[in-house]
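S.K.: Can you look at this prediction? I've put the sequence above it.
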Amino acid sequence: MKKVEAFIRHEAFEPIRIELLELGFPSLSVTEARGSGRQAGIVEHYRGAELTSHLRPKIKLECVVADQDVETVVQVILKHGSTGNVGDGKIFVMPVEQAWRVRTGERGESILQAHREQ
C-alpha cells in the first residue's frame, strides 16, 4: 500500500476528485493548507500598507491505494493539476505499512476496496 499526498491549487481539486471517483477511487482526505515554494509572495495593499504573504493557499489531498494503483492516481493529479506555471504543487508517495478498518477490525490491503466496475 502507498499513501499519495499532493499539494495542489484549489481550482485543480474538483476535476481531480471527479476523475478519481469515476475511476473507482472515492476515498480522499482533503485539508486546506498554506505553504511556500518557488513562487514569490503575494503583495497586497491594505489601508495604505503593503503586506506580503509568502504562504500561498493550497489543497492537501491524501489517499491510500494499492501499489498497482499509484501510477493511475498520480497521473490523474498531474493531468488536472499542471498549468505549467510555478506553484502547481507537489506529489509525494510514501509506503504504508498497515491499515485497519475501525468498524470491523479488518486489516490489510483488502480494506482499500477500490470501487471498480465489475
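M.R.: Arrived safely. Residues are numbered from 1 along each chain as shown.
S.K.: and the gap between residue 12 and residue 75?
M.R.: Summarising the geometry, the distance separating residue 12 from residue 75, computed by Cβ to Cβ, to the nearest Å, is 14 Å. In short, each C-beta sits where N, CA and C put it, glycine included.
S.K.: intersection of neighbour lists for the two?
M.R.: Taking Cβ atoms under 8 Å, 6 or more residues apart in numbering as the contact criterion, no residue touches both residue 12 and residue 75.
S.K.: quick one: which of those two has more around it?
M.R.: A count of neighbours by other Cβ atoms under 10 Å puts residue 12 above the other of residue 12 and residue 75, at 21 against 11.
S.K.: what's the pLDDT at the more buried one?
M.R.: Note on residue 12: pLDDT of 97.
S.K.: same deal with residue 75?
M.R.: Reading off the confidence values, residue 75 has pLDDT 98.
S.K.: Check residue 113 too.
M.R.: Taken from the predicted model, the pLDDT recorded for residue 113 is 67.
S.K.: from here on, count from 10
M.R.: Okay, using 10 as the starting number, the last item reads as residue 122.
S.K.: Just list the residues touching residue 77, thanks.
M.R.: Applying Cβ under 8 Å, 6+ apart, no residues qualify as near residue 77.
S.K.: centroid residue for the protein?
M.R.: Here the mean C-alpha position of the chain is nearest to the C-alpha of residue 70 (Cα atoms, centre = their mean), at a distance of 2.4 Å.
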